[in-house]
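# give me the fold of what follows.
(4 chains)
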There are 2 protein chains.
Amino acid sequence: MHTPDQRFYAGEFRHFIDEKNRITIPARWRRGDAEEFIILPEAAHQFLLVMSPEEFSRMSASAESDPNVSARDRRIFFRQLHSRAQHSVADKQGRLVLPEDLCKKVGLKGEVVLVGGRGRFEIWNLQRRKRAHEEETPTYQHVANVIGL
Amino acid sequence: MHTPDQRFYAGEFRHFIDEKNRITIPARWRRGDAEEFIILPEAAHQFLLVMSPEEFSRMSASAESDPNVSARDRRIFFRQLHSRAQHSVADKQGRLVLPEDLCKKVGLKGEVVLVGGRGRFEIWNLQRRKRAHEEETPTYQHVANVIGL
DNA sequence: CCATTTTTCCCCACTTTTAACCACCTTCCA
DNA sequence: TGGAAGGTGGTTAAAAGTGGGGAAAAATGG
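All right, here's what the predicted structure looks like:
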């Protein structure tokens, strides 16, 4: 249930993107020096998705095999997917350089929120995150009730 | 029926959260040094839930497979779940640092109540716990009667 | 192909926060 | 009644987060 590269990002952190578009990855989320990441904007440009290359591969593989997607759609999807994704390596201080264009797309500047999500994490604009979180809360509470959390 | 990491927390303890948001885990509940825990607020922000990463995984797995939850709701649920949960490790004295924001959410400060509950335990605000306990007592007694306890 | 400008990235430095460690007091039990 | 264990408080050293300078690399233009 826990492969070696299977990361687990949990919690929420507020950090700053500096003048050089660098953002510190929470220390608890780091595994070692010069960690590699794939960065891509979420489909609706609501936030940035960050994950390891392995997680990216897993995600791609699952898209590859989904029976609900036609071969044609799949081809188009992968073309866009790989053009949107960017590769980045953390520096010795554990910071990631976020590509300027991706930041613009999802409205990232100054203080942002890093949100853990299993094998990946998200980077959100502060206000947008607040709104989305509030919108999702009723659903969360509903499911929590159902499963008896 | 008892896997190695399957814990059983029983009883109720009154402890103090200090200036640094540390709380001592009851000695009887400790298993070893540097024990790991996942901390998350209960859905209605009534108290904090504390459990081992294994217990957290089990709980996640049960949500994963529940047939009463739609795929969409499930996705939202997991997003929120992982953003709310925080990872923490006990120090050599058996104390846990509780994240400030989580304490605020459920109104924890100074003296609190630790309540055992199967594989996890709860941390309550004193008054709130008292009220909730009184409200739940009739139900408890009713069921106890039914099952002949 | 070389010179110049721009960008990237590596490293150092500072401040704040975290966590490791030590010390004390109280309680429980032999 | 003394020793050990449990709970709490505080000090100090380490780590985390942030900012910035300068070398290396890349892009640009003649």
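# for the rest of this, base every contact and every neighbour count on C-alpha atoms.
Fine.
# and A:Arg74, how far from DNA strand D?
Distance, A:Arg74 to DNA strand D, using C-alpha to the nearest atom of the strand, to the nearest Å: 30 Å.
# which secondary structure state is assigned to the closest residue to DNA strand C within chain A?
Nearest residue of chain A to DNA strand C (C-alpha to the nearest atom of the strand) works out as A:Asp91 at 5.2 Å. When classified by DSSP: H, G, I helix; E, B strand; the rest coil, A:Asp91 comes out as coil.
# need the phi and psi values for it.
phi -80, psi -180 (degrees, to the nearest 10).
# which residues does it contact?
A:Asp33, A:Ala34 (C-alpha atoms under 8 Å, 6 or more residues apart in numbering or on different chains).
# can you rerun that using 7 Å?
Counting by C-alpha atoms under 7 Å, 6 or more residues apart in numbering or on different chains, A:Asp91 touches A:Ala34.
# and it, how far from B:Leu96?
Going from A:Asp91 to B:Leu96 by C-alpha to C-alpha, to the nearest Å gives 31 Å.
# do the helix or strand harbouring A:Glu136 and chain B meet?
A:Glu136 belongs to helix A:126-147 when assigned by DSSP states H and E. Yes - using C-alpha under 7 Å from any C-alpha of the partner chain, helix A:126-147 comes into contact with chain B via A:Glu136, A:Thr139, A:Tyr140, A:Gln141, A:Val143, A:Ala144, A:Ile147.
# just the buried positions in that helix, please.
A:Leu126, A:Arg129, A:His133, A:Thr139, A:Tyr140, A:Gln141, A:Val143, A:Ala144, A:Ile147 (16 or more other C-alpha atoms under 10 Å in any protein chain shown).
# pLDDT averaged over the strand ranked longest in chain A, what's the number?
Secondary structure of chain A per DSSP state E: the longest strand is strand A:110-117. Averaged across strand A:110-117, the pLDDT comes to 95.
# same thing with stretch A:99-107?
92.
# hmm, A:Gln93 and A:Glu35 touching each other?
No - A:Glu35 is beyond contact range of A:Gln93, at 10.9 Å (criterion: C-alpha atoms under 7 Å).
# more neighbours: which of the two?
Taking neighbours as other C-alpha atoms under 10 Å in any protein chain shown, A:Glu35 and A:Gln93 compare with A:Glu35 leading, 16 against 11.
# may I have the phi/psi pair for that one?
Torsion angles, degrees, to the nearest 10, at A:Glu35: phi -70, psi 140.
# now A:Asn68
Torsion angles, degrees, to the nearest 10, at A:Asn68: phi -90, psi 0.
# any idea how many residues pack against it?
Counted with other C-alpha under 10 Å, A:Asn68 comes out at 8.
# confidence score at it?
For A:Asn68, pLDDT reads 87.
# first-to-last residue distance for stretch A:60-72?
Where stretch A:60-72 begins and where it ends lie 16 Å apart, using C-alpha to C-alpha.
# what is the neighbour count of A:His45?
15.
# helix, strand, or coil at it?
Per three-state DSSP, A:His45 ends up coil.
# ok, residues contacting the helix holding A:Glu136?
By C-alpha under 7 Å, 6+ apart, helix A:126-147 touches A:Glu111, A:Val112, A:Val113, B:Ala43, B:Ala63, B:Val69, B:Asp73, B:Ile76, B:Phe77, B:Gln80.
# who wins on neighbours among those residues?
B:Phe77 leads the contacts of helix A:126-147 on contacts (other C-alpha under 10 Å) with 24 neighbours.
# that one and DNA strand D: what is the separation?
Counting by C-alpha to the nearest atom of the strand, the gap from B:Phe77 to DNA strand D is 25 Å.
# picking that back up, out of the residues of helix A:126-147 next to chain B, who's nearest A:Gly107?
In terms of C-alpha to C-alpha, no member of these lies closer to A:Gly107 than A:Glu136, at 20.3 Å.
# residue contacts, the residue positioned nearest the centre of chain A?
Centroid-nearest residue in chain A: A:Leu49, 2.2 Å away (criterion: C-alpha atoms, centre = their mean). Residues near A:Leu49 by C-alpha under 7 Å, 6+ apart: A:Ile39, A:Leu40, A:Pro41, A:Glu42, A:Phe121, A:Glu122, A:Ile123.
# on that earlier part again, partner strands of the longest strand of chain A and their direction?
Sheet pairing of strand A:110-117 (DSSP bridges) gives strand A:12-17 (antiparallel), strand A:120-125 (antiparallel).
# out of these, which is closest to B:Ile17?
strand A:12-17 (21.9 Å).
# tell me the buried residues in that closest one?
A:Glu12, A:His15, A:Phe16, A:Ile17.
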